[in-house]
Each structure stands twice: as C-alpha cells, then as structure tokens.
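Chemist: Quick one, fold the following:
(one chain, ligands or ions: 1)
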Amino acid sequence: MNSWVETLDGTLDQIWQMLGRGTADRRAAARHPVLATISESGPETRILVLRKASRSANTLTLYTDAATPKVAELTADPRCALHIWDAKAQVQLRFRATATMAPGSKQIWDGMPKGAREVYGVTPAPGTPIETAEAFVREPDYAKFLELTLSLREIDYTNLGTTPHRRAQYTNADGEWRGQWVAP
Ligand SMILES: Cc1cc2nc3c(=O)[nH]c(=O)nc-3n(C[C@H](O)[C@H](O)[C@H](O)COP(=O)(O)O)c2cc1C
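Modeler: Have a look, this model is predicted:
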C-alpha cells in the first residue's frame, strides 16, 4: 500500500494529485470525469474534460457550450456532482460541488485549433432533433464558449486497492477540508 493513503491528509494529497494528472495527461482517469446535474426530468450525467484543478481555491474547471442543456440545468440549480473511477489505482472519487459559469478566456479561445473551437457553435442547439444524422452545422462561436467552475463542497473517496478497502469523506469548511474515515 502507498504510505500516503494511510492518513486522511495523505489521502487528500492523493486525490489532488489524481486531479492534477487529469488536467495534464490525456490518458489519466481524471481526464474524463462524469458530471451529474439535476434536470426537470431527474438526474443527468455526461462526460466532460477536466481542464483545471486548483487546490488553493478548491475548484475544478471544465469547458462547455453555452447552448447545451446542462447549462440551463446548472442555471436553475447549481448543485452538481462529479464522478471519477481510476481503474489502475482502484480508486473512486465522488464530489459534491456548486457550479458557477463565466465566459471562457479569449486567450484560450484564440489558442485553440479550429476543430476544437467548432465544438462551441453547433446549429441547431445540441440535443435538438434533426432529420438526418448530419443535418447540423458547426461554426466556431466564442459567445458559446463557457467556463464551468465547480466549487467543491464534499469528497467521497473509496479505495478498493487496499486490504481492507478504505473509504474517507471530506467536508469543506471555509476552505479547510475536514476528513473522516467511514466504513467502506
Ligand atoms: C470523451 C468525451 C469528452 C467530452 N468532453 C466534453 C467537454 O469537455 N465539454 C462538454 O460540454 N461536453 C463534452 N462531451 C460531450 C458531453 O458528454 C455531452 O454529450 C454534451 O456536452 C451534451 O451534454 P448535455 O446535453 O448534458 O448538456 C464529451 C463527451 C465525451 C464522450
């Protein structure tokens, strides 16, 4: 067992290390978290790319198209959850967070290849029924480039790679994480 998962502080270090790897390594498990929101019809889930992880601010950053349903859902109710399964580490991470939205950075937009920019600017809007599979157009639209910031409130960590399994929960109180081992 890695010595860092023997303590609550060491486990929190492991969590932020996994998140950091997700922002830097396309093959890292934390690169593709599942974001859950609350819609009028019930819970919704989808994958997004993890762009930034700030331990000092306790935030995670993702990008999305302003016209997607998740944006309307988060506007109506900013409470959301994020899920990561790292099969190699045998670790599941579950986060409860509150989302805020802001226009994406113009500098990042200008540095994106056209193919990446086209994701932001699909007509008709994502999720709209269309006559055939390719009956839509993609035109980069900076106005659709939205940055989602998740302020983390709670973390649930489960490690199946240890014997016995380990599970810890952390609550954010004014920027400080309070950890607690719980039965797995
Ligand atoms: C591997 C993968 C990465 C994705 N990355 C993003 C992303 O970074 N941002 C995003 O808005 N959608 C991303 N998507 C698409 C979403 O999963 C989803 O289909 C789309 O955003 C519409 O979601 P919504 O209808 O719930 O708003 C990705 C999908 C996959 C399979």
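Chemist: Mind checking if the longest helix belonging to the chain is in reach of the ligand?
Modeler: Counting by DSSP state H, the longest helix found in the chain is helix 8-24. No - applying C-beta under 6 Å from any ligand atom, one finds helix 8-24 out of contact with the ligand, separated by at least 11.8 Å. In this view, the C-beta of every residue, glycine as well, is placed from N, C-alpha and C.
Chemist: ok so Pro140 is a helix residue?
Modeler: No - counting by DSSP: H, G, I helix; E, B strand; the rest coil, Pro140 is not found in a helix; it is coil.
Chemist: For this structure, which helix or strand comes out least confident on mean pLDDT?
Modeler: helix 114-117 (a mean of 92; mean pLDDT, DSSP states H and E).
Chemist: so what does it touch, helix or strand wise?
Modeler: Using 3 or more C-beta pairs under 8 Å, 6 or more residues apart in numbering; DSSP states H and E, no helix or strand is in contact with helix 114-117.
Chemist: which residues sit against that helix?
Modeler: For helix 114-117, the external contacting residues (C-beta atoms under 8 Å, 6 or more residues apart in numbering) are Trp109, Pro140, Phe145.
Chemist: Next: stretch 19-33.
Modeler: 18, 47-53, 60, 62, 82-89, 93.
Chemist: Give the buried residues for the longest strand that the chain contains.
Modeler: Secondary structure of the chain per DSSP state E: the longest strand is strand 145-159. The neighbour-count check on strand 145-159 (16 or more other C-beta atoms under 10 Å) flags 145-150, 152-153, 155-159 as buried.
Chemist: No more questions from me, cheers.
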